[in-house]
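K.L.:
Output the structure for:
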Amino acid sequence: MLGKGSFGDVYLVKDLFPNSGKLYAMKILNKRPKHDENWLRYIQTERDVLASSTSPFIVKLHFAFQTQAKLFLVLDFCPGGDLETMISEEKKPFSEDKAKFITAEILMAIKDLHARDIIYRDLKPDNVVIDKQGHMRLIDFGMAKMNVNLSQKGAKTFCGSIKYLAPEMLRKMGHGQALDWYLLGVLFYEMIVG
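P.N.:
So this is what the prediction gives:
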């Protein structure tokens, strides 16, 4: 097991095709009743965002399938852990250069999402994983909102992690792409201050 979330668990799996041995992260979600609209929206959004992404800074979806009881998303495995762990293990603030490098890679992922009218809305250190080359990759797109352009009030749903909420989310006044830029600033601040 690599991780446990509110909607499912993530496991390390290995491709058994002869001579492959490629490792993947497999997210397993238990199906819920069809009338659970929040869950259906979460799953559909995550799958759609991942399936349409070509950014090297967003984890890639390789396969998606289901059984009667579960849904499966097979994604890139990023063996470097997550930014939350990196920050806590460092035990001191990052150098400005290191924080700028990490922020720039996350910025490229956010820019890709925004170019496709998607707002991420859940940017936090544990949703940023590190691939085997040491590059940052965004994961967990269930809170994302599609078809939101530059408008400041394109989305209204109150969501996200308590520690990482933008003022417009807290005020419940509607939000747009600016919300992601605010959260990127919070991440940068956390990296250089601790």
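K.L.:
Which positions in the helix or strand of the chain with the lowest mean pLDDT come out as buried?
P.N.:
Within the chain, no helix or strand scores below helix 167-170, which has a mean of 74 by mean pLDDT, DSSP states H and E. Going by neighbour count (16 or more other Cβ atoms under 10 Å), the buried part of helix 167-170 is 168, 169. Every C-beta, even on glycine, is put in place using the N, C-alpha and C of the backbone.
K.L.:
Stretch 119-133 now?
P.N.:
Of the residues in stretch 119-133, those buried (16+ other Cβ under 10 Å) are 119-131.
K.L.:
Just the closest of those to residue 6, please.
P.N.:
residue 122 (11.3 Å; Cβ to Cβ).
K.L.:
Please name the nearest non-neighbouring residue to that closest one.
P.N.:
Distance criterion Cβ to Cβ, 6 or more residues apart in numbering; nearest residue to residue 122, sequence neighbours excluded, is residue 143 at 4.0 Å.
K.L.:
so is the one you found in a helix, a strand, or just coil?
P.N.:
Assigned by DSSP: H, G, I helix; E, B strand; the rest coil, the conformation of residue 143 is coil.
K.L.:
what is the rounded mean pLDDT of stretch 19-30?
P.N.:
Average pLDDT, stretch 19-30: 90.
K.L.:
which residues are in contact with that stretch?
P.N.:
Stretch 19-30 is contacted from outside by 2, 7-15, 43, 59, 62, 69-79, using Cβ atoms under 8 Å, 6 or more residues apart in numbering.
K.L.:
Buried by neighbour count: which residues of that stretch qualify?
P.N.:
24, 25, 26, 27, 28, 29.
K.L.:
and residue 54, what does it touch?
P.N.:
Contacts of residue 54 (Cβ under 8 Å, 6+ apart): residue 112.
K.L.:
same question, residue 57
P.N.:
Neighbouring residues of residue 57 by Cβ under 8 Å, 6+ apart: 105, 106, 108, 109, 112, 135, 136, 137, 138.
K.L.:
could you dump those residues to a markdown table with distance to residue 147?
P.N.:
Below are the contacts of residue 57 laid out as a markdown table (distance: Cβ to Cβ, whole Å):
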| residue | distance to residue 147 |
| --- | --- |
| 105 | 25 |
| 106 | 22 |
| 108 | 21 |
| 109 | 19 |
| 112 | 16 |
| 135 | 28 |
| 136 | 26 |
| 137 | 24 |
| 138 | 19 |
